[in-house]
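J.: Show me the folded form of this:
(chains A and B)
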Number of protein chains: 2
Amino acid sequence: MNDNATATIARLNTAEADFTARLDSLLDWEGVSDSAVQARVDDILASVKREGDAAVIETTNRFDRVSVTSMDELRLTAEQLRHAFEQLPTAQRDALASAAERIRRYHEHQKPGSWQYEEADGTVLGQQVSPIDRAGIYVPGGKAAYPSSVLMNAIPAHVAGVQEIIMVVPTPDGVLNDLVLAAAHVAGVDQVFTIGGAQAIGALAYGTESVPRVDKIVGPGNIYVATAKRAVFGQVGIDMIAGPSEIMVVSDGLTDPDWLAMDLFSQAEHDEDAQSILVSWDADHLAQVEAAIERLLPTLERADIVRESLRRRGALIQCRDAAEAITLINRVAPEHLELSVETPDAWLADIRHAGAIFMGRYTAEALGDYCAGPNHVLPTSGTARFSSPLGVYDFQKRSSLIHCSAEGASMLGEVASVLARGESLTAHARSAEYRIRRS
Amino acid sequence: MNDNATATIARLNTAEADFTARLDSLLDWEGVSDSAVQARVDDILASVKREGDAAVIETTNRFDRVSVTSMDELRLTAEQLRHAFEQLPTAQRDALASAAERIRRYHEHQKPGSWQYEEADGTVLGQQVSPIDRAGIYVPGGKAAYPSSVLMNAIPAHVAGVQEIIMVVPTPDGVLNDLVLAAAHVAGVDQVFTIGGAQAIGALAYGTESVPRVDKIVGPGNIYVATAKRAVFGQVGIDMIAGPSEIMVVSDGLTDPDWLAMDLFSQAEHDEDAQSILVSWDADHLAQVEAAIERLLPTLERADIVRESLRRRGALIQCRDAAEAITLINRVAPEHLELSVETPDAWLADIRHAGAIFMGRYTAEALGDYCAGPNHVLPTSGTARFSSPLGVYDFQKRSSLIHCSAEGASMLGEVASVLARGESLTAHARSAEYRIRRS
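T.: A predicted model of the protein is given here:
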């Protein structure tokens, strides 16, 4: 066990007495915003609500170090997005188009249908599914500007039938990312505003003279964005408050250690808080992966970030057997789960919580991040216990349908009357009783 | 137009110049908690997180005016719930059981299935649906203790396959509501704690020595409960932050004015902030409903609440025609929509936003509140623009499935490699490239 402070990555063993405590401390992550952040965000939201465009322009100039005088300078048209796409190198253009097509095809399977059924007395019950009118997509700018996130957030909205998709992306120091704009074109975004932070969330939630009010805001952002999303929740819908990205890989010992090391790196390179955990019941295999980590780490472009992330939050965990690995999976409820085992299908029935399950030795998480088809916006920090991947369903909502026949209303009126009087809601009771047939 | 201050209910006309402004002010409702409420809630949550049961006992004694010394005094067993059910009068027992059965049958239709599809190269993509492990149901106590809410919150969880349903209900001054406990029995609740407020939300979100940590909290509550739910969102799932209940009734002029008056009352009797709006293009009919309101209002048990609610937030709106009524519906996105018209089916395609649609003259909203089958927990205050009725889907979540064949991984690896390098995430690229076949 290499639990000395200089190890690249921690080694844990479920057989050790302090295992649960060490695992808990490894998983512990709180993204709570302090009261100073809360107060700044509240101020910005209030000013955007009160002053509209003027507040958006003022805060954007201040935080993104630009100097614009009108919202026109912060708006990109569909033409500009197409232009960004067309001037890309062919390989990137093809890759973007191919990824978009696969993501679209997968998400088409998620479209729930409306349904109805009729009862014996002619009463019809059902549910009508419809898209939201207008969606807002938040895309981070600066160093973490990911065109793949544009695809993953906008395409489900498009498939859902959302009529207008508004994207916001900050451009600190005025720097535009052409790949991000090209992705917006491919994904069917209607309009882009180059604004970010709490001011962009406020503009989408309340609407301004220039920015149309949306019905739901999705997409990741920094602590200011997350705090603002929490504050406007209710005024508009939001997706989720994302924490750092994480992966749990389970290996049966037969996958190439280099492949596994690189899979762990691909998670760790996101940022220093990202989490990479490998679980196996094969101690020799874990040692081989550890050796591969040491050997390959210096060859990485983002070696410093990876090293820090593995040191802070990574782990190689030796467990007893496959059954115990499954217990660990359900305990952690990982965002990404790689089942690098011979028969991953046999595992599915026992896995209760995971954002996305990458099955078999060939299914690197990176394939799912970009182009396999399923969404890469996934529940983090154990929230797979109760949350789902971003999907078409996030851009639709349901209306209950109730159409009582005269006979049905009479029968239901008798029941409703008793229950309403039991709750002392007598106007409810009398409204129901009017529909009871006099015999 | 009776816009003088003494009118029972406002009369609006879409043809008037100030209509939009009057409608906006009528709809305006902000349930934002002030910073004093926020601070009290934060304190209570922190103490429950830190001290567990001890904090729950202390706050419950203080706020609910009881004096208990252990959590055992705040816990009801499944036996006690059954006993409460068995000692009810037969009519109430039958009504509860019948409502529960209908609600269960409707919600069975909402269960989404897992799905998979295989691509030409053998790659399998899909989505696995699973229930959350443990749900927490918040049920308000005191004057607004509604057994129907217990059914509506717990049955979808039960249908979803949730293994453990924990209910909390405050009992101010130690007063238990037998109908609420009986409903918990019928709905399949596993355990009840007689606690409420922010302390109950904290106990469910963090877990204490006695109260198990849940994965999702649903159910309405006062401003302290709503503020606490917003605060713990992310730690656990929550349903929605509910505002006051509202109804919009559209009448073609052929429904009995007494029926419509009582339908409006049934909404208004909830509380003084509840909203009842009737829309029609038939001016004479509106006058008849207004007369019915004046005549019937004094006969109501809750006349004072109804009068105040109609005065503050009610309206009779004259519009031009059916098309304009539909525009109003989509503008308001009502929680409850009653289509008291001859052919309500013909309206459905144009209705984009409504929590529940009650179709035809016989379908009083009260029937849906208790026993028609669909859920009565619905999006309020215009949030039907982006939210759905509470349903089985709220107690389930999805995991993406990706199982690449060797050939599929090779093809996807090429695409992922280009996109990952475009994002400067080279460990992602190399992880994907390992899976590309050497030709």
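
J.: all contacts plus neighbour counts: C-alpha atoms, from now on.
T.: Fine.

J.: and the stretch 151-300 of chain A, which residues reach chain B?
T.: When proximity is defined by Cα under 8 Å from any Cα of the partner chain, the stretch 151-300 of chain A lies next to chain B at A:179, A:215-216, A:230, A:234-237, A:240-241, A:259, A:262-263, A:265-267, A:269-270, A:300.

J.: switch to 10 Å and redo it
T.: Residues of the stretch 151-300 of chain A lying close to chain B (Cα under 10 Å from any Cα of the partner chain) are A:179-180, A:214-216, A:230-231, A:233-238, A:240-243, A:256, A:258-270, A:297, A:299-300.

J.: quick one: which of those sit in strands?
T.: Per DSSP state E, strands hold the following members of these: A:K216, A:G237, A:I238.

J.: Quick check: closest non-adjacent residue to A:R102.
T.: Once flanking residues are discounted, A:R102 sits nearest to A:G373: 4.9 Å by Cα to Cα, 6 or more residues apart in numbering or on different chains.

J.: just checking, that neighbour touches A:A356?
T.: No - the pair A:G373 / A:A356 is not scored as a contact, 11.6 Å apart, by Cα atoms under 10 Å.

J.: what touches both of the two?
T.: B:G126, B:S400, B:I402 (Cα atoms under 10 Å, 6 or more residues apart in numbering or on different chains).

J.: one step back: as TSV, the ones in strands among the residues of the stretch 151-300 of chain A next to chain B with neighbour count and pLDDT would be great.
T.: Formatted as TSV, those follow (neighbours: other Cα atoms under 10 Å in any protein chain shown; pLDDT from 0 to 100):
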residue	neighbour count	pLDDT
A:K216	25	97
A:G237	26	94
A:I238	21	93
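
J.: of all the residues you listed, which comes closest to B:R307?
T.: For those, the residue nearest B:R307 by Cα to Cα is A:G237; the value is 33.1 Å.

J.: which residues touch that closest one?
T.: A:135-136, A:205, A:214-218, A:229-230, A:394-395, B:240, B:383-387.

J.: redo that, cut-off 7 Å
T.: A:D215, A:K216, A:I217, B:F386 (Cα atoms under 7 Å, 6 or more residues apart in numbering or on different chains).

J.: pretty sure the second one contacts A:I137?
T.: Same thing as A:K216. No - under the criterion of Cα atoms under 7 Å, A:K216 makes no contact with A:I137, lying 8.5 Å away.

J.: In space, what's closest to A:A420 - neighbours in sequence excluded?
T.: In space, and not counting its chain neighbours, A:A420 is closest to A:A429: 5.2 Å by Cα to Cα, 6+ apart.

J.: Pick out the most distant pair among the contacts of A:G237.
T.: Farthest pair in the contacts of A:G237 (Cα to Cα) is A:I217 and B:F386. Separation: 10.2 Å.

J.: who has more neighbours, the two?
T.: B:F386 (30 against 26; other Cα atoms under 10 Å in any protein chain shown).

J.: The more buried one contacts A:K397, correct?
T.: Yes - counting by Cα under 7 Å, A:K397 is a contact partner of B:F386 at 5.9 Å.

J.: what do the two both touch?
T.: Counting by Cα under 7 Å, 6+ apart, the shared contacts of B:F386 and A:K397 are A:I132.

J.: ok, now which ones touch the residue in the stretch 51-200 of chain A that chain B sits nearest to?
T.: Closest residue of the stretch 51-200 of chain A to chain B, Cα to the nearest Cα: A:A95 (5.2 Å). A:A95 makes contacts with B:V415, B:V418, B:L419, as judged by Cα under 7 Å, 6+ apart.
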